[in-house]
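Undergrad: Here's a sequence, model it:
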Amino acid sequence: MKNPVSDTIVALSTAPGVGAIAVIRLSGDDAINLVNSVFHGKNLLSQQSHTAHFGTIRDGSKILDEVLATVFIAPHSFTKENVVEVSCHGSPFIVQQLIKLFLRRGARLAKAGEFTQRAFLNGKFDLAQAEAVADLINADTEAAHKAAMNQMRGGFSEQIKQLRQELIHFASMIELELDFGEEDVEFADRSDLKNLVDKLLSVIKILANSFDLGNVIKNGVPTVIAGKPNAGKSTLLNALLNEEKAIVSDVAGTTRDFIEDEINLEGVVFRFIDTAGLRDTEDKVEAIGVERTREKMKQASLIIYMFDLKNDNIVEVNREINMLENLGIPFIKVGNKVDEVQAELYEAMKKDDTTLFISAVNKENLELLKEKLVETVNLDNFKTGDTVVTNIRHYDNLIQTQNALQAVMEGLNSDVTGDFLAMDIRQALHYLGEITGEITTDDLLANIFSKFCIGK
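TA: Numbers count the residues shown, from 1 in each chain. Predicted coordinates:
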């Protein structure tokens, strides 16, 4: 796919703000010539690709800054166009002056993600790999980095392309049959097609099922800390974060809205949400907080259910456990205040070997809780090189492909005519093609790349 756009774009590629250096990137047919017209040093037009050159950028006779200009000659650059990266001092004023100068010389400001979009349009990589660039930039854990690197290097794309290629072969045979409709010929062996669809459905199911893990790797685990007032939820949040994030008080109902923060445990980001205590209350503000707690619990990926070993009773605890079981969301039972237990409740809950007993205030057994959190996520299943779906768009396309292939299988079992089979096969090919960008629209591209930062 060739990009018809050849104008030169410019943007700051490093983070905005004061720093030691800043990098301004230009890409387009005229990028090297444009920078060369204001660069005083070597003639950039006669330099080899992937070389850096010291000099000054001047606006007329005025020196704006001493810089390093790194030249990348098409097609050997990120965008497969002529690219120059100007490394200047990291003063926002200098950056502004240089960009304004480049704009006056004929460049235009890049749109969000436009450098990566040009790389995709010029065939540097496919759409799934392009999206992985943003994931790599935003990766804040080792697992997220591994998943993004695998996708950016084409691991996921290769699987999708292979699936699509195998299906294309049969699609062409079915289409050929339609051309000879009056002669009642069969070019596509139906039993072979069944075997292929069976195989494709199996692979797609594995990929789609990996999204739950992929979503955890990419976005973290929303973890609600729930329980009755004064169970020690805020104390636990403070202990996990190792800071006084939430107000702690003996007065019941102190937390009226949710408090959120995150920590990284063994490569997994847990987004802890401390909530208002679960109880019936006449206080209108607290009642709103309790209702928000219930909503947050429904949206959570994991719940830490805390009960008070000193003041709660077994009937109330069992009732709340039953309520959590009905939610269908994984939860960890945590008995707090193990240093001042009430014997009846403690002895009853000790029979359940999945219950953890802690003292949030004394930070007792917190490491056991952290281990349990990581164990619940089960990140051990993710290894380097594994293909894990982390993108909701890819997941949706896989589900749509799965539905289309199931329709193909139903058609084969019902001996439907080739034209109906061809229609469902085309649908499956369409959705697989949307993942890698072999089939795309301007609206889809605009939506994807608008989420990138300006200089990428």
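Undergrad: what about Phe420, which SS state?
TA: helix (DSSP: H, G, I helix; E, B strand; the rest coil).
Undergrad: neighbours of the closest residue to it other than its chain neighbours, just the number please.
TA: Of all residues not flanking Phe420 in the chain, Gly411 sits nearest, at 5.5 Å (CB to CB, 6 or more residues apart in numbering). (Glycine included, C-beta is placed from N, CA and C.) Burial of Gly411 is recorded as 21 neighbouring residues (other CB atoms under 10 Å).
Undergrad: so what's Gly411 up against?
TA: Listed by CB atoms under 8 Å, 6 or more residues apart in numbering, the contact set of Gly411 reads Phe420, Leu421, Asp424.
Undergrad: Count the residues that sit near the last one.
TA: So that's Asp424. 21.
Undergrad: before we move on, back to that, for the contacts of Gly411, give me JSON lines that also has pLDDT and distance to Ile32.
TA: Output for the contacts of Gly411, formatted as JSON lines (pLDDT from 0 to 100; distance: CB to CB, whole Å):
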{"residue": "Phe420", "pLDDT": "81", "distance to Ile32": "55"}
{"residue": "Leu421", "pLDDT": "81", "distance to Ile32": "53"}
{"residue": "Asp424", "pLDDT": "90", "distance to Ile32": "50"}
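Undergrad: closest to Lys161 among the residues you listed?
TA: For these, the closest approach to Lys161 (CB to CB) belongs to Asp424, at 20.2 Å.
Undergrad: And the protein, what are its domain boundaries?
TA: Split into domains by automatic domain parsing, the chain comes to 9-125, 132-210+388-437, 223-381.
Undergrad: So for Phe449, which of these sits nearest?
TA: domain 9-125 (3.2 Å).
Undergrad: in the stretch 1-150 of the chain, what spans have low per-residue confidence?
TA: 1-5 (pLDDT under 70).
Undergrad: Hmm, Ser87 and Gly19 touching each other?
TA: No: counting by CB atoms under 8 Å, Gly19 sits too far from Ser87 to count as a contact (11.1 Å).
Undergrad: Among those two, which residue is more densely surrounded?
TA: The neighbour count for Gly19 versus Ser87, taken as other CB under 10 Å, is higher for Ser87 (19 against 14).
Undergrad: From Ser49, how far off is that one?
TA: As defined by CB to CB, to the nearest Å, Ser87 lies at a distance of 17 Å from Ser49.
Undergrad: Now do stretch 100-115: everything it contacts.
TA: Outside stretch 100-115, the residues that touch it by CB under 8 Å, 6+ apart are 7-11, 13, 24-28, 30-31, 34-35, 37-38, 57, 59, 64, 78-79, 99, 117, 134, 448-456.
Undergrad: Just the terminal-to-terminal distance for that stretch.
TA: 19 Å (CA to CA, to the nearest Å).
Undergrad: how far does that stretch sit from the chain's center?
TA: 28 Å (CA atoms, centre = their mean, to the nearest Å).
Undergrad: So for it, what gets flagged as buried?
TA: Leu101, Phe102, Arg105, Ala107, Ala110, Ala112, Gly113, Glu114, Phe115 (16 or more other CB atoms under 10 Å).
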